[in-house]
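Enquirer: Would you be able to build a 3D model of this:
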Amino acid sequence: MVKTFLTLAAAGTLFVACSTTASRSNGADSSGSAAQDTSAVSVETKAANTSYKPAFAGQTRIGAVKTGTAFESKVLTSDLKSPWGIVQLPDGKFLITEKGGTMKIVNQSGVVGAALTGVPAVDPKGQGGLLGITIDPAFAQNRMVYWAFSEPVSGGNHTSLAKGKLSADEKSIENATVIYRATPAYNGSLHYGGRVIFDRQGNLLLSTGERSDMVTRPQSQDTNSGLGKIIRITTDGKPAAGNPFLTNGQGRPEIYSYGHRNVQSLSIHPVTGDIWEAEFGPRGGDEINLVQAGKNYGWPTITYGIEYSGKTIGDGIQQKEGMEQPVYYWDPVISPSGMTFYSGKGISEWKNNLFVGGLSGMHIARLVIENNKVTGEERLLSGENQRFRAVIEGNDGALYAVTDQGRLYWIGKK
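Expert: Prediction:
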């Protein structure tokens with residue numbers, strides 16, 4: 001087991017192994033968040049890719065904050081193979097998907113079990129594979145598991161959602177069934193989205209990507225396509241009650257929101273129950289969004305990023321009537337993948353903060369959010385040189401994160 005000490009408080013001096021350039025830690029407000037000075041220098045020191053101006057103050061490069069509580073991280077295992085999704089079972093063990101198509105159970109000591117049988121084949125090319133995973137709120141009674149994956153089909157592949165029962169001996173998934181496919185099929189290997197969680201009403205939320213290519217991008221704006229959407233369905237795969245297009249005929253009844261690029265992060269706010277997501281921008285313009293029913297989040301019409309070639313995207317605009325602004329964006333990107341709101345169970349000053357895994361950023365971003373605005377940012381585990389694919393809060397009040405390089409981290413109070 002490898003241990004990394006992140007914060008040490010001794011003799012009134014604070015030492016932190018995080019790449020913040022300025023910070024404040026002056027106590028906590030009523031929500032448990034550390035106080036901060038938003039005029040402080042941002043954690044981001046690199047030049048932006050664009051000269052685009054934010055729509056409002058604090059939409060990007062907010063002032064840095066620093067955790068005052070002593071905490072540490074431990075590598076529980078380095079033996080995973082490109083882990084993508086993680087969920088904790090009621091008994092404390094973890095069910096983890098690996099991109100290549102395997103699903104494994106890992107105990108709290110970091111022992112990795114054999115691949116479960118009964119998992120449908122995936123198309124692992126490019127960004128495809130076995131993706132996000134969650135368990136039924138009533139898992140203790142029904143042992144049901146739900147996962148997203150790139151499903152090979154005639155004409156290409158889909159982002160699909162399947163369900164199955166974890167066997168009593170924890171060696172297989174029984175009766176695996178695909179309950180949703182984000183059509184149309186496309187013969188590509190990028191932008192599957194693939195995060196899946198439950199909302200407060202017991203419905204499944206699935207993110208889908210717009211598949212990246214110029215020919216598929218417009219489908220993000222098409223409410224009769226399953227690409228570039230947040231999908232909201234029942235555990236049987238049917239459109240959920242209350243969906244915005246359920247009865248008006250203006251879009252597919254399973255669609256909850258649209259205009260997304262590639263959403264690999266979904267989380268429910270622990271107090272409000274609101275749905276939040278993070279999605280990849282192109283070159284610049286990674287976004288944090290508060291997701292609301294029927295809203296259009298703009299891609300590819302508006303964006304704070306540019307093409308990888310340096311050219312503008314579309315008309316090069318960042319605002320348009322009828323399209324939502326991100327709560328926060330990054331330029332340059334961190335490539336957000338997997339995120340969780342934190343309850344404050346273990347570290348009170350983190351209460352209701354949002355923790356976002358960064359792939360190209362190689363850190364976990366801690367965002368302080370107050371009144372639906374980001375008021376401070378911190379970079380955690382930036383010295384680990386890992387691509388953080390997913391992060392969750394565990395039953396013990398610690399954070400757990402998996403990385404593309406095969407690690408499972410425990411992050412908690414020292």
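
Enquirer: What distance do you get for Glu349 to Glu378?
Expert: Distance check for Glu349 against Glu378: by CB to CB, to the nearest Å, it reads 11 Å. Quick note: C-beta positions are derived from backbone N, CA and C, even for glycine.

Enquirer: out of these two, which sits in the busier spot?
Expert: Glu378 (26 against 21; other CB atoms under 10 Å).

Enquirer: Check the offset of the host helix or strand of the more buried one from the chain's centre.
Expert: If you go by DSSP states H and E, Glu378 is part of strand 373-380. Put simply, strand 373-380 sits 16 Å off its chain's centre (CA atoms, centre = their mean, to the nearest Å).

Enquirer: Buried residues in stretch 309-322, which are they?
Expert: Applying a neighbour-count criterion of 16 or more other CB atoms under 10 Å, one finds 313, 318 buried in stretch 309-322.

Enquirer: cool, and stretch 407-414?
Expert: For stretch 407-414, burial by neighbour count (16+ other CB under 10 Å) applies to 407-412.

Enquirer: And for it, what's in contact with it?
Expert: With CB atoms under 8 Å, 6 or more residues apart in numbering as the test, stretch 407-414 has contacts from 5-8, 69-78, 80, 83, 86, 94, 96, 106, 110, 346-347, 364, 380-381, 384, 386, 394, 396-403.

Enquirer: State the mean pLDDT of it.
Expert: Mean pLDDT, stretch 407-414: 97.

Enquirer: Validate this expectation: Lys66 resides in a strand.
Expert: No. Lys66 sits outside any strand when classified using DSSP: H, G, I helix; E, B strand; the rest coil, being coil.

Enquirer: my guess is it meets Glu378, correct?
Expert: Yes. Applying CB atoms under 8 Å, one finds Lys66 in contact with Glu378, separated by 6.0 Å.

Enquirer: Touching the strand or helix carrying Thr134 from outside, list them.
Expert: For Thr134, the host element (DSSP H and E) is strand 130-135. Strand 130-135 is contacted by residues 84-87, 89, 95-103, 119, 122, 124, 144-150, 159, 192, 194-198, 204, 207, 264, 266, 390 when judged by CB under 8 Å, 6+ apart.

Enquirer: Quick check: mean pLDDT of it?
Expert: pLDDT averaged over strand 130-135 gives 98.

Enquirer: Can you name the element that comes right after that strand?
Expert: Next helix or strand after strand 130-135 toward the C-terminus (DSSP H and E): helix 139-142.

Enquirer: Please compute how far that following helix lies from its chain's middle.
Expert: For helix 139-142, the distance to the chain centre is 25 Å (CA atoms, centre = their mean).

Enquirer: Pull out the buried residues from it.
Expert: Neighbour counts over helix 139-142 (16+ other CB under 10 Å) mark Phe139 as buried.

Enquirer: and it, what does it pack onto?
Expert: Helix 139-142 sits against no helix or strand, with contacts defined as 3 or more CB pairs under 8 Å, 6 or more residues apart in numbering; DSSP states H and E.

Enquirer: Could you list the residues in contact with that helix?
Expert: Residues contacting helix 139-142 (CB under 8 Å, 6+ apart): 89-90, 136, 145, 165.

Enquirer: tell me, what's touching Glu349 and Glu378 both at once?
Expert: Counting by CB under 8 Å, 6+ apart, the contacts common to Glu349 and Glu378 are Thr67.

Enquirer: rewinding a little: after the strand holding Glu378 comes which helix or strand?
Expert: Past strand 373-380, the next helix or strand by DSSP H and E is strand 388-393.

Enquirer: Show me what that next one is packed up against.
Expert: strand 83-88, strand 336-341, strand 354-358, strand 363-370, strand 399-403.

Enquirer: What's the first helix or strand after the helix or strand of the chain with the lowest mean pLDDT?
Expert: The weakest-scoring helix or strand in the chain, judged by mean pLDDT, DSSP states H and E, is strand 13-16 (a mean of 31). Where DSSP H and E defines the elements, the next helix or strand beyond strand 13-16 is strand 71-77.

Enquirer: ok so, going back, which among the contacts of stretch 407-414 count as buried?
Expert: When those are checked for burial by 16+ other CB under 10 Å, the buried set is 6-7, 69-77, 80, 83, 86, 94, 96, 106, 110, 346-347, 364, 380-381, 384, 386, 394, 398-403.

Enquirer: follow-up on the earlier one: residues of the strand holding Glu378 that come out buried?
Expert: Residues of strand 373-380 classed as buried: 374-380 (neighbour count, 16+ other CB under 10 Å).

Enquirer: Could you dump those into TSV and include distance to Ser360 and pLDDT?
Expert: Output for these, formatted as TSV (distance: CB to CB, whole Å; pLDDT from 0 to 100):
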residue	distance to Ser360	pLDDT
Val374	20	98
Thr375	24	97
Gly376	22	97
Glu377	16	98
Glu378	18	98
Arg379	13	98
Leu380	16	98
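
Enquirer: Please identify which pair of these lies farthest apart.
Expert: By the measure CB to CB, Thr375 and Leu380 form the most distant pair in those, at 17.1 Å.

Enquirer: Note down every partner strand of the strand holding Thr134 and its orientation.
Expert: strand 144-153 (antiparallel) (DSSP bridges).

Enquirer: and the direction of the strand it pairs with versus that of strand 83-88, what angle?
Expert: Counting by axes from the mean of the first three to the mean of the last three CA atoms, to 10 degrees, strand 144-153 lies at 160 degrees to strand 83-88.
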